[in-house]
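Q: Everything below, folded, please.
(2 chains)
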Amino acid sequence: EAGVTQFPSHSVIEKGQTVTLRCDPISGHDNLYWYRRVMGKEIKFLLHFVKESKQDESGMPNNRFLAERTGGTYSTLKVQPAELEDSGVYFCASSRHGPYEQYFGPGTRLTVT
Amino acid sequence: GESVGLHLPTLSVQEGDNSIINCAYSNSASDYFIWYKQESGKGPQFIIDIRSNMDKRQGQRVTVLLNKTVKHLSLQIAATQPGDSAVYFCAEKTSGTYKYIFGTGTRLKVLA
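A: Below you'll find the model as predicted:
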């Protein structure tokens, strides 16, 4: 089966601009997660969807970040407006029925200049 | 790469030797643990997992050991190969949640 895919692989934007990241989970996986690693830090949880519903947004840093999963398939993560500290790698993961065995995508490297 | 600025402990092992990568966790309420391998430019790749009601689990060439008394997790790789060179992360999950908490990672270098 195809793995988790993310688009784009790399995005370079200026401070104040908007960027939208996309994640396609493994087919049939109800659970979708966003994580990120900013420079020098560990991978940190952002949020969790079950199908189209947000279950846990406790890791979202502020209201400049908006995640959606319309229809319960792919998800988008929008950063608006982007700040320098948002630079990092954004990972998406998915799991089938529970929290176990989360499979990660290749990540999107976001650079805010 | 993305590890720039993140000072990772490094484990260097000779090809063919066994590797042991260690991880300490802090939350006694964690009920699930998982090891990932991350190669440069790629996302974390699932290796093996273990639930808190177990203390050992084996996969192909890999074994995970869990010591809940001292909150310690280890990953053992048998007959380490050049393709095992990567950064290895442990992650834990607290009971009742879905989010993983990651460690800082360990870089494994396999010497030919």
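
Q: Contact residues of chain B facing chain A?
A: Residues of chain B lying close to chain A by Cβ under 8 Å from any Cβ of the partner chain are B:2, B:4-6, B:32, B:34, B:36, B:41-46, B:49, B:89, B:91, B:93, B:97-105. Quick note: C-beta positions are derived from backbone N, CA and C, even for glycine.

Q: Just the buried residues of these.
A: For those, a burial check counting by 16 or more other Cβ atoms under 10 Å in any protein chain shown picks out B:2, B:6, B:32, B:34, B:36, B:43-44, B:49, B:89, B:91, B:93, B:97-105.

Q: Can you tell me which of those residues end up in helices?
A: Among those, no member falls in helices (DSSP state H).

Q: Strands - which of those residues land there?
A: Counting by DSSP state E, the part of those found in strands is B:32, B:34, B:36, B:49, B:89, B:91, B:93, B:100-102.

Q: Now the host helix or strand of B:L108: average pLDDT?
A: B:L108 is part of strand B:106-111 when elements are defined by DSSP states H and E. The pLDDT scores in strand B:106-111 average 96.

Q: Tell me how far stretch A:98-113 lies from the chain's centre.
A: Here the centre of stretch A:98-113 is set off from its chain's centre by 6 Å, with Cα atoms, centre = their mean, to the nearest Å.

Q: so how far is the first residue of it from its last?
A: In stretch A:98-113, first residue to last residue: 38 Å (Cα to Cα, to the nearest Å).

Q: Counting neighbours, which bits of that stretch end up buried?
A: Result for stretch A:98-113 [16+ other Cβ under 10 Å]: buried residues A:99, A:102-110, A:112.

Q: May I see those residues arranged in JSON lines, with pLDDT, secondary structure and distance to A:K54 as well?
A: Below are these laid out as JSON lines (pLDDT from 0 to 100; DSSP: H, G, I helix; E, B strand; the rest coil; distance: Cβ to Cβ, whole Å):
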{"residue": "A:P99", "pLDDT": "95", "secondary structure": "coil", "distance to A:K54": "15"}
{"residue": "A:Q102", "pLDDT": "97", "secondary structure": "coil", "distance to A:K54": "17"}
{"residue": "A:Y103", "pLDDT": "98", "secondary structure": "strand", "distance to A:K54": "20"}
{"residue": "A:F104", "pLDDT": "98", "secondary structure": "strand", "distance to A:K54": "20"}
{"residue": "A:G105", "pLDDT": "98", "secondary structure": "coil", "distance to A:K54": "19"}
{"residue": "A:P106", "pLDDT": "97", "secondary structure": "coil", "distance to A:K54": "24"}
{"residue": "A:G107", "pLDDT": "97", "secondary structure": "coil", "distance to A:K54": "21"}
{"residue": "A:T108", "pLDDT": "98", "secondary structure": "strand", "distance to A:K54": "20"}
{"residue": "A:R109", "pLDDT": "97", "secondary structure": "strand", "distance to A:K54": "25"}
{"residue": "A:L110", "pLDDT": "98", "secondary structure": "strand", "distance to A:K54": "21"}
{"residue": "A:V112", "pLDDT": "98", "secondary structure": "strand", "distance to A:K54": "24"}
